[in-house]
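Peer 1: structure for the following, please:
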Amino acid sequence: MKIFTKIALAIVATTTVATSAIAGGPMTNTNQSAAFLRSIARGTSLDADAVYNNPAGVVFMENGFHLGINDQMAYQTRTITSTFAPFAMGVGNSGMTKEFEGTVFSPLIPSVHFAWKHNRWAVMAGIGVNGGGGSLEFDNGLGSFERQFSVLPGAISQLGAPYGLSANQYNVDMYLKGNSMTLAFNVGAAFRITDWLSVAAQVRLGVTSNGYEGHIKNIQTNPSCALLGLSGAMMPASQFFQAAGAALGQVNPQIAAMAGQYAALTSDHILDVKQKGTSISPVLALAFHKGQWDASVKYEFKMATELEIESAEVSANDPVINGLFPNGAKVKSETPALLAAAVSRHFGPVKVTAEWHHYFDKDAENSFSPVIEGNTNEYLLGVEWQVAERWLVSAGTQRTALNMNENAYSDMNFSISSWSVGAGLAYLCTDNIRLNLGVMPTFYDEAKAVGVDSNDLDFTDVYNRTSWAWGIGLDFKFGK
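Peer 2: I've put the predicted structure just below:
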């Protein structure tokens with residue numbers, strides 16, 4: 001019965017794979033502008049993206065209207081190298097080690113920031129992709145899926161030994177695609193308390209929409225049994241189990257009942273599920289601006305998002321899928337609270353910014369909760385250099401340090417500590433329009449999980465990721 005349970009879980013656990021942040025904690029995107037990609041540490045920004053990065057700093061901008069329009073593009077890969085002895089029995093497999101790769105291409109990750117500042121007051125609004133932002137596609141499924149079906153030949157041989165029944169091959173057609181996006185709409189106001197200190201408050205509406213498509217079908221094995229007239233040729237596993245259940249019904253009712261369960265599990269399963277939900281949470285901030293120094297503190301409260309499952313008929317009518325993910329059920333997908341602090345110093349034409357992010361992951365309930373051991377910390381450093389009247393060049397780096405139990409990872413849900421490096425430029429096209437261009441590759445640590453599956457067989461999964469992001473943005477200012 002262990003195989004029965006694990007196959008059922010494998011079929012439905014697909015709904016955790018799509019969360020994918022470009023920069024930030026496991027659930028949060030902090031890259032909200034092209035200017036972020038080119039300099040990374042934006043916590044003391046006095047440009048249009050201050051609406052997100054430094055809300056209280058908006059009142060230190062020039063009087064008038066400020067508008068920032070950005071688009072980012074990203075390409076990511078997730079590669080899991082899985083070693084499991086029964087993989088050697090898979091048709092087309094070259095041994096017990098197999099590589100499973102998922103790819104993400106996001107051509108449109110938009111953000112818009114707007115502010116109007118007048119003397120001591122400012123009002124602001126913004127929209128950006130606070131989480132997800134792409135589609136993750138695994139053309140050949142995942143190792144954790146295949147592990148469950150790779151043990152079918154061994155199980156058939158073990159259960160059927162008294163009847164001369166055996167098998168030594170399997171095959172399965174697997175595909176998975178998940179897309180995830182959380183749009184955050186922020187509105188707020190800022191007030192300059194003194195000439196150098198200000199405060200801001202925002203209300204944030206988070207709208208999450210996830211979609212999951214996939215299948216596990218054409219599950220085959222090659223049973224051989226003279227008594228049943230089976231020659232060892234590949235055949236649908238569900239067809240075999242139906243025949244075996246009928247043949248063994250009078251001989252061994254217990255095994256016959258189990259065969260009937262396997263017949264249902266090894267039939268085709270189509271996944272077509274959507275998840276939708278919203279949340280409202282506040283953001284509070286302080287900013288300091290005096291002489292050559294700038295500083296800020298921002299606290300984003302937890303987004304307590306709850307997603308409702310909407311299944312297509314093909315999934316809602318599948319007792320396996322709907323039994324574990326009932327149509328209309330709700331699941332937690334909370335984005336953790338974030339504390340961010342930054343400080344900058346101007347050295348003539350050069351601005352140096354240091355920043356720190358702390359994600360309260362332990363207090364948020366989401367798909368990462370089973371592997372979270374502690375909160376995430378990020379350390380950011382950025383440099384901007386005004387090389388000429390209209391030209392600015394910049395670069396930055398970010399270390400994201402997760403606190404997770406790697407041995408509790410699964411290929412359906414993992415995140416890895418990383419280094420990001422950003423570089424780019426800004427060009428003042430006119431006195432009121434500035435162009436931002438940036439690129440940011442991310443280099444991930446390697447993660448490794450060693451474990452024992454439900455059949456007491458050892459497996460090893462090695463996790464790797466790559467990520468590249470590009471961005472273009474225009475900042476406008478007009479009016480007084």
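
Peer 1: would you map the helices across the stretch 151-300 of the chain?
Peer 2: Under the criterion DSSP state H, counting those that start in this stretch, the stretch 151-300 of the chain contains helices at 152-160, 237-248, 253-265.

Peer 1: quick one: which of the ones you listed is nearest residue 333?
Peer 2: helix 253-265 (27.7 Å; Cβ to Cβ). In short, each C-beta sits where N, CA and C put it, glycine included.

Peer 1: what angle do the closest one and helix 152-160 make?
Peer 2: Helix 253-265 and helix 152-160 are oriented at 160 degrees to each other (axes from the mean of the first three to the mean of the last three Cα atoms, to 10 degrees).

Peer 1: which of the helices of the stretch 151-300 of the chain has the lowest mean pLDDT?
Peer 2: Lowest mean pLDDT within these: helix 253-265, at a mean of 78.

Peer 1: what packs against it?
Peer 2: Using 3 or more Cβ pairs under 8 Å, 6 or more residues apart in numbering; DSSP states H and E, the elements in contact with helix 253-265 are helix 2-12, helix 237-248, helix 319-324.

Peer 1: quick one: buried residues of whichever helix or strand comes after the shortest one?
Peer 2: Note on helix 319-324: by DSSP states H and E, the next helix or strand toward the C-terminus is strand 330-332. Buried residues in strand 330-332, defined by neighbour count with 16 or more other Cβ atoms under 10 Å: residue 331.

Peer 1: and for the residue found closest to residue 303 once you drop the neighbours it is linked to in the chain, the neighbour number?
Peer 2: Nearest in space to residue 303, with sequence neighbours left out and distances taken as Cβ to Cβ, 6 or more residues apart in numbering, is residue 335 at 3.9 Å. Using other Cβ atoms under 10 Å, residue 335 is surrounded by 30 other residues.

Peer 1: any idea how far residue 163 is from residue 335?
Peer 2: The spacing between residue 335 and residue 163, counted by Cβ to Cβ, to the nearest Å, is 55 Å.

Peer 1: and for residue 349?
Peer 2: Going from residue 349 to residue 163 by Cβ to Cβ gives 84 Å.

Peer 1: comparing these two, which residue is more hemmed in?
Peer 2: residue 163 (17 against 11).

Peer 1: find the residue closest to that one in space, skipping its chain neighbours.
Peer 2: residue 227 (5.9 Å).

Peer 1: ramachandran angles for that neighbour?
Peer 2: Backbone torsions for residue 227, taken as degrees, to the nearest 10, come to phi -60, psi -40.

Peer 1: next one: residue 431
Peer 2: Per-residue torsions, residue 431: phi -60, psi -20 (degrees, to the nearest 10).

Peer 1: okay, it: pLDDT?
Peer 2: 93.

Peer 1: distance of it from residue 478?
Peer 2: 10 Å.

Peer 1: same check, this time on residue 74
Peer 2: Taking Cβ to Cβ, one finds residue 74 at 31 Å from residue 478.

Peer 1: and those two? Which one has more around it.
Peer 2: Set side by side, residue 74 and residue 478 show more neighbours around residue 74, with 25 against 11, by other Cβ under 10 Å.
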